[in-house]
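J.: A structural model of the following input is requested.
(2 chains)
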Amino acid sequence: MKTTRRSIMAGGIAVAATAAIPNIAKAQAKPPASRTIRAVLHGDIPTYDPIWTTANMSAYHGGMIYDTLFGVDEQDVPHPQMVEKFGVSDDKKTWTFELRDGLKWHDGTDVTTADIVPSIRRWAARDGAGQLMMQRTKDISAKDAKTFSIVLNEPFGLLPYALGKTVTPGGFMMRKREAEIDPMQKIDKVVGSGPFVFNEGETKPGNQYVYDKNMAYVPRKEPPSGIAGGKIVKVDRVIYMNVPDAQTAVSAVQAGEIDFYETPPVDMLDQFKDDPDVVVETLNNLGNVGWIRLNFLYPPFDNVKVRQAMLYLSKQSDMLRPTFGDGKNWRECGSFFACGSAMENDANEGWFKGGQNVAKAKQLLKEGGYNGEEVVLLQATNIAYMMNSATVLAQEMRNAGMKVRVEPMDWSQVVQRRASKAKPSEGGWNIFITSAGGGGMGNPFTNSGMGANGDKGWFGWPSNDKHEQLRQAWINADTVPERKKIAAEIQANAWDFVPHIYFGQWVQPTIHRKNVTGWLHVAEIIPFWNVQKT
Amino acid sequence: MTGTIIRRLLSMVPVMAIVAVCVFLLLHLAPGDPAAIIAGDNVTAENIALIRAKLGLDQPVWKQFIVWVWAMLHGDFGTSMFWGDPVLTLIGQRAAPTLSLAFTTLVVAVTLSIGMGVLAAARVGTWIDRVVMGISVAGFSVPVFVVGYLMVFVFAHKLHWLPVQGYRPLSEGVLPWLRNLTMPSIALGLAYVALIARITRTTMLEVLAEDYMRTARAKGVAAAPMLLKHALKNAAVPIATVVGTGVALLIGGVVITETVFNIPGIGRLVVDAIARRDYPIIQGVIMISSGVYVLVNLLVDLSYTLFDPRVRG
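T.: Take a look at the predicted model:
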């Protein structure tokens, strides 16, 4: 056969066409843009196991593909989700749960209690609320394929709430195979039973994560509210896109290339006032609480007077304004529990109502015997609110006569350093700044940092027996009014011994295209069921 | 020639060994703990220690180094501590966007800059020369992200000609591929245009002052063949060197460009990995990019033989 230029070109085209066939087939399988939501969330998904890590983005991922036994509604009240019905014995120690019909894993097998029991154990090994539950648990066992029970040593009225909480790590149910993996090791397969199926083939870690509608999912009949009610998926596909640059993400929403952006910088929001295609909407009304952790192990914050001085010398608005601008999206808050939460109260808020009082702070420092020890403040420079608030706080402490050494570093170094119990002069620390979701900070139970159990507790290791007794009393309380009363006592005590201080509370408005509607208002995660694109 | 290539390839071994030691030590001695990042916020120090043990990070550094090198010698660059995917798979997923961006940037840079440099040298001292040098200074001085944002504003926002962000693989068609790469390539290529145009102009001016060029002019050789056939070929060795070293600069520039235009390339992969201290990815990317850099230098050296027969001898 004679080789000609034409035959070589024809061969080349044939090879290229053959190579393109899988991509063409893949492209044809893709849902149309009108049935696909492209969303940019607040970060990248660090790992697919929402139990192994407590990183928020993994909880977002978990919320898509896994289901939970209970779900909390927009008022933070738990309702059955995977559970059809449940009951508690007269002595309040034996809880019995029955799974609802139609629950299937994404591999097509039935969800049974053989999966649920190890899933609860794995979640409880890593979650603060779960650990508290396990301290009171005598046994978790399956009665049959659909019924299981939890037998307690003492009553625990918050059990449905704990199993349904959205604060990471949520109680995501996994197959027996994954649920039996050591909770200190990550799972190797991503198979859930939730409203979306993880599409690993189309996913490119660090770039895009693809979730397809679970056609076999049977939603509850109740209307959706928070994580409770029917999870009805109204699109074919949701793509989480990791766009690290805020300006790029905002421009892409304006151009219609992206449908939803969770964390647009607040200083860019004004440009959407006159944009007919983009809507600014706050989905998480409790937002975040700015949190200043003090190290109880070393001077000067081992002294209660010095800790009290911190309440008086800091001014929340000064710390928030540099990052969040005018007061539209933030507020000062003197409550120990997130403002807007059911437990918000004004007990012992004299320090807050009186405003910043540097003279009082100086007096307390003197009474506490502060003798000019250097305070090491860890400053995460790669997160704007942490960097700005640390700068302001350091200056306010200096104004009150304290000696402060600000140590700039990136957040991952702060995460490592805050676990150190060494002396501040030997690689430890005195203060670090972080934040926590208002949902978790709205009660003394879900966030480990709300405890004061010393060495066993969260970084800063505050210790106060009365605080712990009141927390237990709050957990044991049967009614909301009782809990509110105890919450006020917790707060009155907390602002005396000062386990930590706050620098206000802010919400993060989201932006989305006008034709994408049906967003649910949930603290901690963004649900994509009920959302539709017209 | 074959002997030279073998010798140069063998000389890569100690270079890569030094890179391996430096990368590993820098990463493991720098502050930051992947276990603490994995564990997240709502966690105790005990849990962090347990995760560290599961990841093998509680082992002595020398032991971790030996395990890593041994695996690498067997073609295993490890798996991401976070996603659990093999590092080579992750790099493979990201290679096409980065190589596409690098390729189109080099095409833009080399075609524009050599023409500009030759033109400036041929018209030295005139307004053309000054305009070319002005563009070069601007190309050097204006950061990639400023050019990028300005281009997005004009060509994506106002004119709607090009997409704001993203990457479309070549398999989806040449046109979508080019549409997504046009702005990033120009934004990134401007600095290289400046660099290569200046070096082209300088070397061309040196060559044009040589006796043999004067002789060519005296013999009546036309301007275009004289510039392109005689002068440019003799000026090519320094230009090739700059283009080669430009590849190293390109690796740094790609990181910012990939971020501004949301291109899922290797630059983004390594930046994200650094933020969360995903050691296997950082180590893998640096080892591979070092190898590529050394190979590019080898290719540049070999290209000298094409331009300068004396080197062949």
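
J.: what sits closest to the closest residue to chain B within the stretch 51-200 of chain A if chain neighbours are left out?
T.: Proximity to chain B, evaluated over the stretch 51-200 of chain A using Cβ to the nearest Cβ, is greatest for residue A:54 at 3.0 Å. C-beta coordinates here come from the backbone N, C-alpha and C atoms, glycine included. Nearest-residue entry for residue A:54: residue B:40, 3.0 Å, with adjacent residues in sequence omitted and distances by Cβ to Cβ, 6 or more residues apart in numbering or on different chains.

J.: ok, residue A:74 - how many residues close by?
T.: 16 (other Cβ atoms under 10 Å in any protein chain shown).

J.: hmm, residue A:227 is touching residue A:72, no?
T.: Yes. Using Cβ atoms under 8 Å, residue A:227 is in contact with residue A:72, at 5.6 Å.

J.: give me the common contacts of those two.
T.: A:164, A:166 (Cβ atoms under 8 Å, 6 or more residues apart in numbering or on different chains).

J.: which residues sit in contact with the residue of the stretch 51-200 of chain A closest to chain B?
T.: Residue A:54 neighbours (Cβ under 8 Å, 6+ apart): A:126, A:168-169, B:39-43.

J.: same question, residue B:157
T.: Residue B:157 touches A:251, A:254-255, B:164, counting by Cβ under 8 Å, 6+ apart.

J.: tell me the SS of it?
T.: Under DSSP: H, G, I helix; E, B strand; the rest coil, the three-state class of residue B:157 is helix.

J.: residues near the closest residue to chain B within the stretch 351-500 of chain A, how many?
T.: Chain B sits closest to residue A:416 of the stretch 351-500 of chain A, with a gap of 3.7 Å, by Cβ to the nearest Cβ. Residues lying near residue A:416 (other Cβ under 10 Å) number 19.

J.: beyond the helix or strand hosting it, next helix or strand please.
T.: Applying DSSP states H and E as the criterion places residue A:416 in helix A:411-417. Using DSSP H and E, the next helix or strand after helix A:411-417 towards the C-terminus is strand A:431-437.

J.: what's the first helix or strand after that next one?
T.: Next along from strand A:431-437, by DSSP H and E: helix A:465-476.

J.: looking at this, residue A:197 is in a strand?
T.: Yes. Counting by three-state DSSP, residue A:197 is part of a strand.

J.: which SS class is the closest residue to residue A:532 other than its chain neighbours?
T.: Excluding the flanking residues, the one nearest residue A:532 by Cβ to Cβ, 6+ apart is residue A:234, at 3.9 Å. What three-state DSSP gives for residue A:234 is coil.

J.: same question, residue A:183
T.: coil.

J.: need the residues of the stretch 1-150 of chain B near chain A, please.
T.: B:31-33, B:36-45, B:47-48, B:50-51, B:53-54, B:80, B:82-85, B:90, B:93-94, B:149 (Cβ under 8 Å from any Cβ of the partner chain).

J.: let's see that with 7 Å instead.
T.: B:31-33, B:36-43, B:45, B:48, B:50-51, B:54, B:82-85, B:90, B:93, B:149 (Cβ under 7 Å from any Cβ of the partner chain).

J.: one step back: which among the contacts of residue A:54 gets closest to residue A:312?
T.: Checking the contacts of residue A:54 against residue A:312 by Cβ to Cβ gives residue B:41 as the nearest, at 27.6 Å.

J.: what residues are up against the closest one?
T.: Shown in contact with residue B:41 (Cβ atoms under 7 Å, 6 or more residues apart in numbering or on different chains): residue A:54.

J.: can you pull the contacts of residue A:436?
T.: Shown here is residue A:436, whose contacts under the criterion Cβ under 7 Å, 6+ apart are A:288-289, A:291, A:447, A:449.

J.: my bad, should have said residue A:195
T.: Residue A:195 sits next to A:214, A:217, A:219, A:231, A:233, A:529 when contact means Cβ under 7 Å, 6+ apart.

J.: surely residue B:182 meets residue B:161?
T.: No. Using Cβ atoms under 7 Å, residue B:182 is not in contact with residue B:161, being 8.8 Å away.

J.: what pLDDT does residue 5 get?
T.: Unless you meant another one, I'm taking chain A. At residue A:5, the pLDDT value in this model is 44.

J.: that was the other one, I meant chain B.
T.: 79.

J.: next SSE downstream of the strand or helix carrying it?
T.: Here residue B:5 sits within helix B:2-29, counting by DSSP H and E. Later in the chain than helix B:2-29, the nearest helix or strand by DSSP H and E is helix B:34-39.

J.: just the buried positions in the helix or strand just after that following helix, please.
T.: Downstream of helix B:34-39, the first helix or strand assigned by DSSP H and E is helix B:45-55. Going by neighbour count (16 or more other Cβ atoms under 10 Å in any protein chain shown), the buried part of helix B:45-55 is B:45, B:47-52, B:54-55.

J.: same check, this time on stretch A:397-414
T.: A:397, A:400, A:402, A:404, A:406, A:409-414.

J.: now check that stretch, is it near chain B?
T.: Yes. Against chain B, stretch A:397-414 shows contacts by Cβ under 7 Å from any Cβ at A:409, A:412-413.

J.: quick check on the residue of chain B found nearest chain A: phi, psi?
T.: Per Cβ to the nearest Cβ, residue B:40 is where chain B lies closest to chain A, at 3.0 Å. When read as degrees, to the nearest 10, the backbone of residue B:40 gives phi 80, psi -160.

J.: list the contacts of it.
T.: A:53-55, A:168 are the contacts of residue B:40 under Cβ under 7 Å, 6+ apart.

J.: ok, and the most crowded of these?
T.: That'd be residue A:168 among the contacts of residue B:40, by other Cβ under 10 Å, with 28 neighbours.

J.: from the contacts of residue A:436, which shows the smallest pLDDT?
T.: Model confidence across those bottoms out at residue A:447, which has 83.

J.: list, one by one, the residues from the stretch 151-300 of chain B near chain A.
T.: Near chain A, when you scan the stretch 151-300 of chain B using Cβ under 7 Å from any Cβ, you find B:152, B:156-157, B:163-166, B:171-172, B:259-262, B:264, B:268-269, B:272, B:275-277.

J.: quick one: contacts for residue A:84?
T.: If you count contacts by Cβ under 7 Å, 6+ apart, then residue A:84 has A:98-100 around it.

J.: format those residues as CSV; extra columns: secondary structure and pLDDT.
T.: Formatted as CSV, the contacts of residue A:84 follow (DSSP: H, G, I helix; E, B strand; the rest coil; pLDDT from 0 to 100):
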residue, secondary structure, pLDDT
A:98, strand, 98
A:99, strand, 98
A:100, coil, 97
